[in-house]
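*Asks:* What follows is a predicted protein model with its sequence.
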Amino acid sequence: MCTVCGCSKGNVKIEGRAPGGVKFPYRSHHAHSHDHGHSHDHDHDQHHDHAHHPHQAKPHGAQEHQPALSQQAGGAALHYGQGAAHAHAPGLSQARMVKIEQDILSKNDGYAAANRQWLRDRGIFALNLVSSPGSGKTSLLAETIRQLGRDTLVYVVEGDQQTSNDAERIRAAGAPAIQINTGKGCHLDAHMVGQALEQLNPADDSLLLIENVGNLVCPAAFDLGEAHKVAILSVTEGEDKPLKYPDMFAAADVMLLTKIDLLRHLDFDVDVCIANARRINPKIKVLQLSSKSGDGMDLWIDWLLLEMNEAQLVKQREVARLRQHIAALEQQLQERS
Amino acid sequence: MKQDAIRILLSQNKDKGQAVSVSWPRLEAERVFIGQSAAQAVHTTPLLFALCARAQTLAAQLVLQQAAGLPVSVSPEQRSSITLEAVRETLRKLLLDWAQAFDGRPADAAWMARWRAARDLPALRALAEDFVYGEDCRHWLQRGEAGWQAWLQQGATAPARWLATLQQTLPACPLLPALDAAALASHLADWLRPGGPVWQGQPQEVGALAREAPQLPGLLAAGLLPQARLLARLLQLARWLDGALLHSSVASLADGALALVETARGPLLHLAALDASGRISRYRVVPPTLWHAHPEGVLRVSLGFLADATAAEWQRQISLIDPCVPYSVSKDVEYA
């Protein structure tokens, strides 16, 4: 994941916020004291260990991970994903990469839990939409907003490396949207989404669609606080995508197979694709649709409305439980007085 | 009602690399106020928020009066009332939680009986002078940093002995500066983030250490954060026992109002807006624990450096940071 591409660094911009006002969260900025008698803040661009305690001292520059060499049909293959970190970066040991990954993800998980509770308290049903670039996410969102109609409140968080083109398309479709430009970053994280929620201020009982950066690798690891990850795969891509990007299809609860109106022009085997996805994740729910022709959109819309209703009920039950609790306490007070 | 617990997860990989994740999925119980009248909400507040109930009720009264455009003033009696609550709460922490964390058991039943009976400031002061300071509070306050070090080295009381054992250095969070509601009004969005409040883009340590830091420059420079944290609580307690009162303030917003009330653990924020009929259309509470449990806040910063410590040491350090809700610690040792 991002211990490889280093995409956790800098350049995040959220609409409505001055770039300088957004502190990127995953740089270690702990203050600590040294034996020279004062404390100061560090704000590094790189994650690294400090030997604060003797037991934490580790040799840096530990031996680099060597790829496994395997023989495959048609030639040899180098496999860089077989160490503890399941990845490789020059100059980083596997243990070091795992440590960095743990540090990043542990912070992210704290933010994600807060986002999830925030959404739950408001009865908001949130989806994290992930795909390769060009799978048709934005077109699907625009059509979804149109079909849900004015009676359904939909909000969109748009993640992209650059430009606010997608947010503008979504606004044109009638939904409030906020753009997060991740700069060099290849995924959204829970801290960015929390800041976007504060700006977007979605209404209670609404639908929140988070369009992640087009990438089937890094977004798999980052919980944003959503109810479900939805992996979008277009039939123009190839039915082996679930096998090539197993982390993403394992993390997703739903797979949307899009652009099915093009199937007659393509040599794409839908059954093989679905079987591949279920080899990775037997429980994945699969919907086939085309936002252009409208085929399958009704099932997608029905599923969204049912899940929204469930999120609203969860909030209503919680409020009812609180009211019951207050009434019981009032009763106790009356009995005592 | 079952309280939401702070979740602390220690991930440890096979190479002993460690990371700590902290989250507090707090239920925003105050959302039941939406649609209610101000009187109903003020009545309900101490039922929903039983800890620091007086501070919570005062915050609700102040914010709803301000939001309604009514004149707002805080009487000396109201300030005395929230200060007395903070004194009792700090002494309860000393006798129960900190005694448990340091001595492995709560203070003797006779101390607890005195605490239960002590309802006014003179009785609480007498209890504190016997159990905590071993001398007159004012005299103790005037000792200064070197004097407090001499006092804890003497170890005449249990808290002095506890302090003497706190010699470890830990990394610090920035300390929240003193703020009032007016200063906060223009930075309010930072306090209301779903991920937890920040000030100037950073999570902060709030409460006694933030308030008393100017009295403890030596300990802070040396990085002796745990000792500074507990000493700051004792300083704060002595100040209140000697007559100092906690502050509260209100400010208007473009839509609604906010009230900031100081408590033993830090600033308590209430935010409210009313609709045209005077019913509550928006209500948020930001308790000090949201600062403590921030995903990059003081709990994570401290515990991240204690990953190899014993369970008792974790309990001690969490207890000194003093989140006001239960917490659970779990370990994920097979990570990666």
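*Replies:* All right, it came through fine.

*Asks:* Which residue is the nearest non-sequential neighbour of the closest residue to chain A within chain B?
*Replies:* Here chain B gets closest to chain A at one residue, residue B:295, 2.7 Å apart by C-beta to the nearest C-beta. C-beta: built from backbone N, CA, C; applies to glycine. Closest residue in space to residue B:295, ignoring its immediate chain neighbours: residue A:110 at 2.7 Å, by C-beta to C-beta, 6 or more residues apart in numbering or on different chains.

*Asks:* and the one you found, how many residues sit next to it?
*Replies:* Neighbourhood size, residue A:110 [other C-beta atoms under 10 Å in any protein chain shown]: 31.

*Asks:* Who are the contact partners of it?
*Replies:* Going by C-beta atoms under 8 Å, 6 or more residues apart in numbering or on different chains, residue A:110 touches A:190, B:21-23, B:195, B:294-296, B:300.

*Asks:* okay if I get those residues as a markdown table plus secondary structure and pLDDT?
*Replies:* Shown next, in a markdown table, are these (DSSP: H, G, I helix; E, B strand; the rest coil; pLDDT from 0 to 100):
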| residue | secondary structure | pLDDT |
| --- | --- | --- |
| A:190 | helix | 93 |
| B:21 | strand | 88 |
| B:22 | strand | 91 |
| B:23 | strand | 89 |
| B:195 | coil | 87 |
| B:294 | coil | 94 |
| B:295 | coil | 92 |
| B:296 | coil | 92 |
| B:300 | helix | 91 |
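
*Asks:* Same list (those) but as a markdown table, adding distance to residue A:286.
*Replies:* Converted to a markdown table, the contacts of residue A:110 look like this (distance: C-beta to C-beta, whole Å):
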| residue | distance to residue A:286 |
| --- | --- |
| A:190 | 27 |
| B:21 | 32 |
| B:22 | 36 |
| B:23 | 32 |
| B:195 | 33 |
| B:294 | 39 |
| B:295 | 34 |
| B:296 | 38 |
| B:300 | 39 |
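
*Asks:* what's the spacing between residue A:129 and chain B?
*Replies:* For residue A:129, the distance to chain B (C-beta to the nearest C-beta, to the nearest Å) stands at 19 Å.

*Asks:* Is that residue located within a strand, as I assumed?
*Replies:* Yes: counting by DSSP: H, G, I helix; E, B strand; the rest coil, residue A:129 is part of a strand.

*Asks:* mind exporting stretch A:117-128 as PDB, just the C-alpha atoms?
*Replies:* Taking Å, rounded to 0.1, in the frame of the first residue of the first chain, the C-alpha atoms of stretch A:117-128 are listed here in PDB:
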ATOM      1  CA  GLN A 117     -20.500   7.100  14.900                       C
ATOM      2  CA  TRP A 118     -21.100  10.600  13.500                       C
ATOM      3  CA  LEU A 119     -22.900   9.200  10.500                       C
ATOM      4  CA  ARG A 120     -24.800   6.600  12.600                       C
ATOM      5  CA  ASP A 121     -26.100   9.300  15.000                       C
ATOM      6  CA  ARG A 122     -27.500  11.200  12.000                       C
ATOM      7  CA  GLY A 123     -29.100   8.200  10.200                       C
ATOM      8  CA  ILE A 124     -26.800   8.800   7.200                       C
ATOM      9  CA  PHE A 125     -26.100   5.800   5.000                       C
ATOM     10  CA  ALA A 126     -22.500   6.200   3.600                       C
ATOM     11  CA  LEU A 127     -20.900   4.200   0.800                       C
ATOM     12  CA  ASN A 128     -17.200   4.300  -0.200                       C
END
